[in-house]
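Enquirer: What follows is a predicted structure for the sequence shown.
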Amino acid sequence: AATKDSISVLYSGTSATGNLYQAGIFANSGSTVNIKNNIIAGINATPNNSVMAGLKFDGINTAGTGGNFNVSNNNIGGSGANDITIGTNNATQGDQTINGIEMTNTASDTVQNNIVRNMTCYSNNSNNSGSVTCNGITVSGSATFIKVGGLPGSSLGNTVSNLTCFSNKTSPTLYTARGINVSGGFNNSVAVQGNTISGISSTTTNTGTGVNAAIAGITLNYSAVTGQVVDSNTVSSLNANGGSANSVTVNGIVIGNASAGNLTRNKIYKLTNSNTGVASAINGINASNSAGTWNVVNNMISLTTSNPVLINGILNDAGTAFNFYYNSIMIGGTTGTGKTYAFQRSGTATIHLTNNIFANTRAGASKDYAIANTNAAATGWGAGASDYNILNSAGTIANWLGSDRNFTTNTNQGWRATQANGGSGGDAHSYSGI
């Protein structure tokens with residue numbers, strides 16, 4: 001086994017041509033490698049030359065076939081704002097990427113108790129046609145075992161904070177920022193546990209949704225795995241602050257194309273979006289995978305903002321099975337034109353909702369719901385799919401197949417009426433107004 005221990009990396013780059021790639025630590029091995037206790041800080045890579053094909057910086061990068069990498073107790077980024085900065089001021093440029101930790105090897109990856117902070121990726125050229133991407137921790141490829149963080153109380157979780165992505169381009173449509181990003185064709189286990197993510201901001205006008213959304217705390221986008229765990233993470237202060245007329249999405253946690261797993265005990269709060277496009281959105285949890293069954297259990301989400309955008313505590317736009325148990329969701333603040341939902345299903349997933357608290361106290365001119373199935377059909381939502389919940393709203397309590405419903409019992413067009421009579425047919429044992 002190899003160990004890289006207690007290394008400080010300081011770098012300042014001012015000019016380059018073609019593609020420029022820099023890394024604080026790069027390890028390519030087919031053996032076991034331990035990368036621990038390093039400090040990587042004070043990076044300023046801002047070339048000023050006239051042509052730049054691409055620019056990338058990784059605090060730590062691992063690669064190789066068969067290598068087992070353990071990355072722990074590293075500090076990437078110093079205590080000052082924008083401590084690690086990459087960007088270009090030149091006339092033409094390509095893609096720009098900054099990653100605190102990037103892992104692309106094919107055996108196992110363990111990432112624990114690292115601090116990634118104060119990183120900025122920018123473009124000061126209004127003609128830039130490339131992408132600008134900022135990731136705190138990103139794991140991709142075909143590794144057989146992935147662990148990012150550790151069990152609650154173990155002090156093994158990673159901290160990702162203060163990542164900034166901005167541009168002077170009029171419409172920076174290819175700009176994304178992620179706290180933790182896991183993607184690829186993994187064939188065994190993935191666990192993302194006990195991590196803290198905060199202070200991610202971008203001026204992007206990227207109109208992507210789901211796993212392609214402009215800003216996300218945690219993104220899961222992989223296939224061919226079951227029994228995955230996303231547990232006890234805290235995601236807060238994600239900000240899409242471009243103020244444009246584009247439809248930009250902010251996701252706390254998004255599940256996409258992941259076969260099956262458990263999303264439990266996560267806390268999500270203080271997400272904001274100043275963009276005013278008709279489909280601009282804030283989603284605490286975006287459940288959008290296309291295969292397998294996920295259990296979403298005992299998560300706490302609080303979204304209180306005056307941004308006039310679409311807000312979902314949980315958005316379920318998937319086509320597969322989801323179980324939602326013991327989740328507590330609060331939507332608050334004042335509103336303009338954007339509809340808000342503590343829980344919204346817009347896909348055709350087979351779902352069960354039991355023992356949840358869905359509360360929407362938002363006040364304003366738009367519709368603010370506790371629960372909704374806005375799909376055009378009841379497919380996947382059985383008559384007893386939702387029950388034993390608390391459903392509260394300052395406005396209309398529910399929406400069924402695109403039409404508003406009040407919380408009434410066995411009444412035509414009420415939420416608890418039978419589906420034949422225009423209701424959901426469920427929540428017979430649920431409460432409202434408490």
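Expert: Sure thing, it's come through.

Enquirer: Poorly predicted segments of the stretch 301-434 of the chain, please.
Expert: Within the stretch 301-434 of the chain, the stretches with pLDDT under 70 are 335-336, 365, 409-411.

Enquirer: List the strands paired with the one helix or strand L271 maps to, with their directions.
Expert: Using DSSP states H and E, L271 falls within strand 267-273. In the sheet, strand 267-273 lines up against strand 234-240 (parallel), strand 300-304 (parallel) (DSSP bridges).

Enquirer: Show the subsequent helix or strand relative to the last one.
Expert: Same thing as strand 300-304. strand 310-316.

Enquirer: Output that next one as CSV, restricted to C-alpha atoms.
Expert: Taking Å, rounded to 0.1, in the frame of the first residue of the first chain, the C-alpha atoms of strand 310-316 are listed here in CSV:
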residue,chain,number,x,y,z
LEU,A,310,-42.3,26.2,-8.1
ILE,A,311,-41.5,24.5,-4.8
ASN,A,312,-41.6,20.8,-3.9
GLY,A,313,-40.7,19.4,-0.6
ILE,A,314,-40.6,16.0,-2.4
LEU,A,315,-41.1,15.8,-6.2
ASN,A,316,-41.8,12.2,-7.4
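
Enquirer: Please spell out which residues along the helix or strand that it is followed by are buried.
Expert: Following strand 310-316 in sequence order, the next helix or strand is strand 321-325 (DSSP H and E). By neighbour count on 16 or more other C-beta atoms under 10 Å, the buried set for strand 321-325 is 321-322, 324-325. C-beta here means a position set from N, CA and C on the backbone, and glycine is covered the same way.

Enquirer: Could you find the closest non-adjacent residue to G217?
Expert: For G217, ignoring the flanking residues on the chain, the nearest one in space by C-beta to C-beta, 6 or more residues apart in numbering is V235 at 3.4 Å.

Enquirer: and the one you found, what are its bridge partners?
Expert: I197, I268.

Enquirer: That one: what's it in contact with?
Expert: 179, 197-198, 217-218, 252-253, 266-269 (C-beta atoms under 8 Å, 6 or more residues apart in numbering).

Enquirer: how would you label N286: helix, strand or coil?
Expert: Here N286 is recorded as strand under DSSP: H, G, I helix; E, B strand; the rest coil.

Enquirer: about what we covered before: make TSV from the strands paired with strand 267-273 and add distance to K56 to it.
Expert: TSV is the format used below for these (distance: least, C-beta to C-beta, whole Å):
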stretch	distance to K56
strand 234-240	23
strand 300-304	34
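
Enquirer: Please identify the deepest-packed of the ones you listed.
Expert: Of all those, strand 234-240 carries the top mean neighbour count, a mean of 23, counting by mean count of other C-beta atoms under 10 Å.

Enquirer: Render the CA-only coordinates of it in PDB, please.
Expert: This file holds the C-alpha atoms of strand 234-240, laid out as PDB (Å, rounded to 0.1, in the frame of the first residue of the first chain):
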ATOM      1  CA  THR A 234     -27.400  17.600   5.900                       C
ATOM      2  CA  VAL A 235     -27.900  19.900   2.800                       C
ATOM      3  CA  SER A 236     -28.500  23.600   3.200                       C
ATOM      4  CA  SER A 237     -28.000  27.000   1.700                       C
ATOM      5  CA  LEU A 238     -28.000  26.100  -2.000                       C
ATOM      6  CA  ASN A 239     -28.600  29.300  -4.100                       C
ATOM      7  CA  ALA A 240     -29.300  29.900  -7.700                       C
END
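
Enquirer: Centre of the chain to the helix or strand following it, how far?
Expert: Going down the chain from strand 234-240, the next helix or strand is strand 249-256, by DSSP H and E. Distance of strand 249-256 from the chain centroid (C-alpha atoms, centre = their mean, to the nearest Å) equals 4 Å.
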